[in-house]
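> Turn this into a structure:
(one chain, ligands or ions: 1)
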Amino acid sequence: MNVPADHLDHRVRGGWTPAGAAAAHLPAHASRWLSARTGLTPTRTPVAPDSAMRVAESELPAEVRAVLNAIVGAEHVLVERVDRLARAGGLSYVDLMRRRGAGELPVPDAVVLPADAVEVERVVALCAEHNVGIVPFGGGTSVVGGVAALRGDRGAVIALDLNRLHRLLSVDPVSRLATFEAGVVAPEAERLLAARGFTLGHFPQSYERATLGGFAATRSSGQASAGYGRFEDMVESLRVATPRGDWRVGVAPASAAGPDLRQLVLGSEGAFGVITEVTVRVRPIPAWTRYEGFIVDGFAQGAEIVRALAQSGTLGAVTRLSDPQETEVALALSGGWKMAALRAYLRVRGIAEPALLIVGWEAGSRRDLRARRRESLRHLGGTVRLGTAAGETWRHGRFAGPRQRDALLDAGMCVETLETAAYWSRLGELRDTVTSALRDSLTTAERRPVVACHISHSYETGASLYFTTLVPRAADDPIGQWQQAKEAACAAIAGLGTITHHHAIGVDHAPYLAAEIGELGVGVLRAVRANLDPNGVLNPGKLT
Ligand SMILES: Cc1cc2nc3c(=O)[nH]c(=O)nc-3n(C[C@H](O)[C@H](O)[C@H](O)COP(=O)(O)OP(=O)(O)OC[C@H]3O[C@@H](n4cnc5c(N)ncnc54)[C@H](O)[C@@H]3O)c2cc1C
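Prediction:
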């Protein structure tokens, strides 16, 4: 098979690091702090070996397999258990726990790796004809069950792995457009663009593994969203393989030719078709960047500052406010004398509840960078400036979170995140309500959860809230423990914010969709789906 090995390594699904949790490391001071703060009794709970996982025989009909072999080549139709297991599920806590022996993981009957858009179209048409489910699989980083191999009432389901669609097809430097095949992973897209002096500027925490098709299918949002926009703001046009044929949307930078159908494809999570090509708007690589850290006193003060920045148009490309709990965790896990000194200094400065604010400016010239920073600083009076060391430390560690999660899972923690967004006037209430819901659900005599939160995407009218929960795992029911907490959080979100700001709907949020968009809205989505996919083979059980 001619798929580069490193493209497959990242599919080792037990954890983020290719070698699973074993390659991640939790320092002794972090372990001690977790025990004291949460009641953790460290245990060794490594990922189960593949051989311990239950994998049923493939039920892909022989005649379908024969035609698939003819379309993509037999070496690109994988039915070995190791290959199917590698595309079974995403990277939510529940999926990762299933890898640790808690609960069953749905496994696809085959993995199919087409080479280009035309092969994808032929595979989609074949599966539609034979009622075989299709789960589009990009980087497999979904945390909401988006790539769960559910077959519904179909006899079989395949994982349609977009890994071989990794080419840059064209660049239009005059219009600043680039067309990629949808399976290209973000770092490779950046590498290809950098060779031409451009950047996409999309840096979600899953950057190392996620694909452009996945970003489009989930309306992803990157850490520099204030500077470059959410992913849907970057997409100019799309090519989609549907059971009804090839579909292209987007021909000009703006159009009044009815509703914008690009927005229907963006966020469609593989339920309307398989995105095969994405044309994105690109920007010159910024010649100058500067990242700084600030400490504010409490979440409310920090949120007021971020709102002022957002409403005056002076946000940094990255503007990220951690609440005091998240700041406490960051300081505790970093450890060392510098952190102790910082805490002492903040006490002297009278900061009761330190909350870390990172602002990163990016610009084409030094003068422009200085001007942007000056404008932002007008709203940052009264903060404690930590300088560029704190900002650069955050920047260099910004993709480290998933590795740390592996280590925490291995040590016996339940670690999971959830996210939402709301208008500024409701943001404080939303944070308090969700924090309480998570805390109340997870607290027991032995377990004291940490519920931390940050704002990382801000708009004129509101912002996202991203919650991270750390609690010792309930050995008898680790999945139920989290699912109860998640339900409580979702109930708390209802009426105040959206059920998801950037993780998408998948399986996990599907029960909450009608409350947000109404039964009429769900009906519209179902009608589109039924039109494009009359047999309902596309990503069964997701979105609607
Ligand atoms: C540690 C971690 C951190 C994360 N941080 C962020 C973050 O900062 N911002 C953010 O937005 N998200 C984040 N996510 C969530 C996830 O990375 C995003 O949803 C991402 O967009 C998924 O891309 P992917 O290529 O991995 O897609 P996959 O996980 O493979 O698929 C996601 C969904 O899209 C569908 N899909 C994938 N490719 C296609 C295609 N070509 N055509 C049609 N449908 C398709 C799948 O069927 C599935 O429903 C994070 C996830 C993890 C595990």
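
> Quick one: neighbours of Arg403, just the number.
Using other C-beta atoms under 10 Å, Arg403 is surrounded by 18 other residues. The way it works is simple: take the backbone N, C-alpha and C, and place the C-beta from them, glycine included.

> that's a strand at it, yeah?
No. Judged by DSSP: H, G, I helix; E, B strand; the rest coil, Arg403 forms no part of a strand; its state is helix.

> Report the secondary structure state of the residue lying closest to Ala115 once chain neighbours are set aside.
Among residues not flanking Ala115 along the chain, Arg164 sits closest, at 5.1 Å (C-beta to C-beta, 6 or more residues apart in numbering). Three-state call for Arg164 (three-state DSSP): coil.

> I'd like the distance between Arg164 and the ligand.
12 Å (C-beta to the nearest ligand atom, to the nearest Å).

> what pLDDT does that residue get?
Predicted confidence (pLDDT) for Arg164: 97.

> Quick one: residues contacting it.
Val3, His76, Leu113, Pro114, Ala115, Asp116, Gly183 (C-beta atoms under 8 Å, 6 or more residues apart in numbering).

> nearest to the ligand, of these?
Relative to the ligand, the closest of the contacts of Arg164 is Gly183; by C-beta to the nearest ligand atom it sits at 6.6 Å.

> which residues does the closest residue to the closest one other than its chain neighbours contact?
Using C-beta to C-beta, 6+ apart and skipping residues adjacent in sequence, the residue nearest Gly183 is Leu162, 3.1 Å away. Contacts of Leu162 were listed using C-beta under 8 Å, 6+ apart, and they are Pro114, Val120, Pro136, Phe137, Gly138, Glu181, Ala182, Gly183, Thr211, Gly213, Val274, Thr276.

> how far out from the middle of the chain is stretch 233-253?
Counting by C-alpha atoms, centre = their mean, to the nearest Å, stretch 233-253 is centred 22 Å from the centre of its parent chain.

> tell me, which helix in this protein spans the most residues?
Using DSSP state H, we find that the single longest helix of the chain is helix 510-532.

> by contact count, what packs against it?
Helices and strands touching helix 510-532, by 3 or more C-beta pairs under 8 Å, 6 or more residues apart in numbering; DSSP states H and E: there are none.

> Can you list the buried residues in it?
Neighbour-count burial for helix 510-532 flags Ala510, Tyr512, Leu513, Glu516, Ile517, Val522, Leu525, Val528, Arg529, Leu532 (criterion: 16 or more other C-beta atoms under 10 Å).

> which residues does the first one contact?
Residues counted as contacts of Ala510 (C-beta under 8 Å, 6+ apart) are Gly541, Lys542, Leu543, Thr544.

> and it, how far is that from the ligand?
On the measure of C-beta to the nearest ligand atom, Ala510 and the ligand end up 11 Å apart.

> Ok, the third one next?
Here the criterion is C-beta to the nearest ligand atom. By it, Leu513 lies 14 Å from the ligand.

> Over to Leu40. Which of the three states is it?
Classified using three-state DSSP, Leu40 is coil.

> now this structure, which segments are flagged as low pLDDT?
For the chain, the stretches with pLDDT under 70 are 1-24, 336.

> quick one, domains of this protein?
Following the assignment in automatic domain parsing, the chain carries domains at 168-284, 288-398.

> Quick one: name the residues of the protein near the ligand.
90-91, 135-143, 146-147, 162, 182, 204-206, 210-211, 213-215, 217-218, 220-221, 269-270, 274-275, 402, 502-504, 506, 539, 542 (C-beta under 6 Å from any ligand atom).

> In helices only, show me these.
Filtering these for helices - DSSP H - leaves Gly213, Gly214, Phe215, Ala217, Thr218, Pro402.

> if I look at the last one, how far off is Gly506?
What that stands for is Pro402. 18 Å (C-beta to C-beta, to the nearest Å).

> Just want to know which of these two has more residues nearby.
More crowded of Pro402 and Gly506, by other C-beta under 10 Å: Gly506, with 23 against 17.

> isn't that one right up against Val135?
No. Between Gly506 and Val135 there is no contact under C-beta atoms under 8 Å: 11.1 Å.

> returning to that earlier point: of the contacts of Ala510, buried ones?
Buried among the contacts of Ala510 (16+ other C-beta under 10 Å): Gly541, Lys542, Leu543, Thr544.

> and the residues you listed as JSON lines, adding distance to Arg176?
Putting those into JSON lines (distance: C-beta to C-beta, whole Å) gives the following:
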{"residue": "Gly541", "distance to Arg176": "38"}
{"residue": "Lys542", "distance to Arg176": "33"}
{"residue": "Leu543", "distance to Arg176": "31"}
{"residue": "Thr544", "distance to Arg176": "35"}
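
> Need phi/psi at Gly506.
Here is the backbone geometry of Gly506 (degrees, to the nearest 10): phi 50, psi -140.

> Tell me where the stretch 51-200 of the chain has helices.
For the stretch 51-200 of the chain, helices defined by DSSP state H, counting those that start in this stretch occupy the ranges 62-72, 81-86, 93-98, 117-130, 186-194.

> Same check on the stretch 351-500 of the chain?
Under DSSP H, counting those that start in this stretch, the stretch 351-500 of the chain gives helices at 366-377, 388-396, 401-410, 424-442, 478-493.

> Nearest to the ligand: which residue in the stretch 151-300 of the chain?
Counting by C-beta to the nearest ligand atom, the stretch 151-300 of the chain gets nearest the ligand through Gly214, at 2.1 Å.
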